[in-house]
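1. just a sequence and a predicted model for now, questions to come.
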Amino acid sequence: MRSNGSYRHAFLLAGALLAVSGCVMHTAGCWPQVKAERVVELDRPLETGATLAVSTASGSIEVEGREVDSVHVVATICARASTAEEAQELAEQVDVRFEQSGDKVEIKADRPRQRARQSISISYHVVTPHETHIQCNSASGSLRVGDLIGNIDAHAASGSVNATNIQGSVRLRSASGSVRCESLRDGNAHLSSASGPVELSNASGIGTCDMSAASGSVVARQIEAESIKMRSASGPARLTDAQAQTMNLHSGSGGVSGRSIHCANLKAKSVSGSVSVTFSESTPADLVAEMGSGSGSVSVTVPPSFAGQVDLSVGSGSIHTDLPLTIQGKISKKRISGTLGQGTGHLAARTGSGSIRVK
């Protein structure tokens, strides 16, 4: 009778042979991966300000704006099957075409029915006039858009989403992957990821900036907007060198930080993590700021001109302040309430377990 070690050795050897031979496990057995590629190129005129839509079930999409008056598409079709002949036949049956409805032009692909052990992926590289609105999505693959004047709506179910040098509003989403936008102006920004980091940098003339991650960090820097909202369910929220009328920073499990920020109204909270905020010197004296942590320290540097009510409280920890406060009511180790100068500002900081430092 064979020992357990012999069975284990045989199992590992079989696995190694499968890997070397290029076989893939499937419910129906094992077969070699044979791939055939076919490239299709399309061109057509495109009016300024039109909407261009492109989607794929499997594959990447890249869209770039240029000084052109037509759209040029390179579609790379990748077909897989049990034999080279089957794969090539599958690739040849894919029909890529344009379809127009009003001012919207869509890149569409008609695929043949796929049998067991067959698959098709289509990746697109698109060159379009600068002034084009873009709608794109991929069920499995990355998205990248850049150098465009128009509104961008990009969604990846599984893959990263990147936008660069956009003038207009962006709505970028990924169910599983990172979301990043750099150099954005004159629009609204909505960035979200269910599983991955979210980043925005160098954005100006923005109306609403809304960023969220269910699992991952949320980071923004060099932002000028009317309002900024950043939240992460599991990860840090970090804002640097930003200006907005209102700011709302939140983390469920992670730290919250603001560096060199200018605003009139701030809320910065963490359920489990530290909160640290430094206001710029230009922040108005009547600033209204509310900061808190369920379990973590709170640190804040107020602007030099700040004047108004100050309320600081801890559940378990210490309070330190460098401000020359006029104390009101009873002095306690767990709470300090007072005023700074003559003003209508309001600063409130609270933590359940941790210290508070104000300067």
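-> That came through fine. Bear in mind that the values here come from a model prediction, so they are computed numbers and not experimental data. Numbering: from 1, shown residues only.
2. what about the helices in the protein?
-> With DSSP state H, the ranges of helices along the chain come out as 4-21, 84-92.
3. rank these by pLDDT, which is bottom?
-> Within the helices of the chain, confidence is poorest for helix 4-21, with a mean of 39 (mean pLDDT).
4. quick one: low-confidence residue ranges for the chain.
-> For the chain, applying pLDDT under 70 flags the ranges 1-32, 329-330.
5. got the phi and psi for residue 82?
-> According to degrees, to the nearest 10, the main-chain angles of residue 82 amount to phi -70, psi -30.
6. thought it was touching residue 117?
-> Yes: the criterion here is CB atoms under 8 Å, and residue 82 meets it with residue 117 at 5.3 Å. (C-beta placed from N, C-alpha, C; glycine too.)
7. just the endpoints, please. Distance across stretch 47-66?
-> Taking CA to CA, to the nearest Å as the measure, stretch 47-66 stretches 13 Å from start to finish.
8. do stretch 56-75 as well
-> 11 Å.
9. burial of the closest residue to residue 124 other than its chain neighbours, as a residue count?
-> Sequence neighbours aside, residue 61 is the residue nearest to residue 124 in space, at 4.9 Å (criterion: CB to CB, 6 or more residues apart in numbering). If you count neighbours by other CB atoms under 10 Å, residue 61 ends up with 26.
10. start the count at 16 instead of 1 going forward.
-> Renumbered: residue one is now 16, and that last one reads residue 76.
11. wouldn't residue 82 be in contact with residue 145 here?
-> Yes: between residue 82 and residue 145 there is a contact at 6.8 Å, judged by CB under 8 Å.
12. higher neighbour count, the two?
-> Taking neighbours as other CB under 10 Å, residue 82 and residue 145 compare with residue 145 leading, 16 against 7.
13. grab the nearest non-local neighbour of the more buried one.
-> Excluding the flanking residues, the one nearest residue 145 by CB to CB, 6+ apart is residue 80, at 4.0 Å.
14. swap in residue 98?
-> Leaving out its chain neighbours, the residue that sits closest to residue 98 by CB to CB, 6+ apart is residue 49, at 5.9 Å.
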